[in-house]
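Engineer: sequence and computational prediction follow.
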Amino acid sequence: MTTNTHNTVTTQLDAGYETSTFALGVAMTSVAIVAIWGTACLASAMVSMGPLNVAQGYFTALIG
């Protein structure tokens, strides 16, 4: 004799947690892209102008 059984599993979703997790992931990805872009720009300046000129320009920009 065979008996058919049907089990139902219900899960609750916390929309606030899921939304904040997604927003945090988007923010972290954006920060990573900006950091990679900044590093590429700094490396380009180092190659084209030299490290001493980049440091001099940085301090000149800070001091005035």
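Structural biologist: Looks like it came in fine. Numbers count the residues shown, from 1 in each chain.
Engineer: count the neighbours of M46 for me.
Structural biologist: Neighbourhood size, M46 [other CB atoms under 10 Å]: 14. Using the backbone N, CA and C atoms, a C-beta is placed for each residue, glycine as well.
Engineer: which residue, other than its chain neighbours, is closest to it?
Structural biologist: V54 (5.7 Å; CB to CB, 6 or more residues apart in numbering).
Engineer: in which helix or strand does that neighbour reside?
Structural biologist: helix 51-63 (DSSP states H and E).
Engineer: I'd like the mean pLDDT over that helix, please.
Structural biologist: Mean per-residue pLDDT for helix 51-63: 94.
Engineer: one more: stretch 11-19?
Structural biologist: Mean predicted confidence for stretch 11-19 is 86.
Engineer: end-to-end on that stretch?
Structural biologist: Between the opening and closing residues of stretch 11-19 lies a distance of 17 Å (CA to CA, to the nearest Å).
Engineer: check which residues of it are buried.
Structural biologist: When burial is assessed from 16 or more other CB atoms under 10 Å, stretch 11-19 yields no buried residues.
Engineer: how distant is it from the center of its chain?
Structural biologist: Centroid separation for stretch 11-19 versus its chain: 22 Å, with CA atoms, centre = their mean, to the nearest Å.
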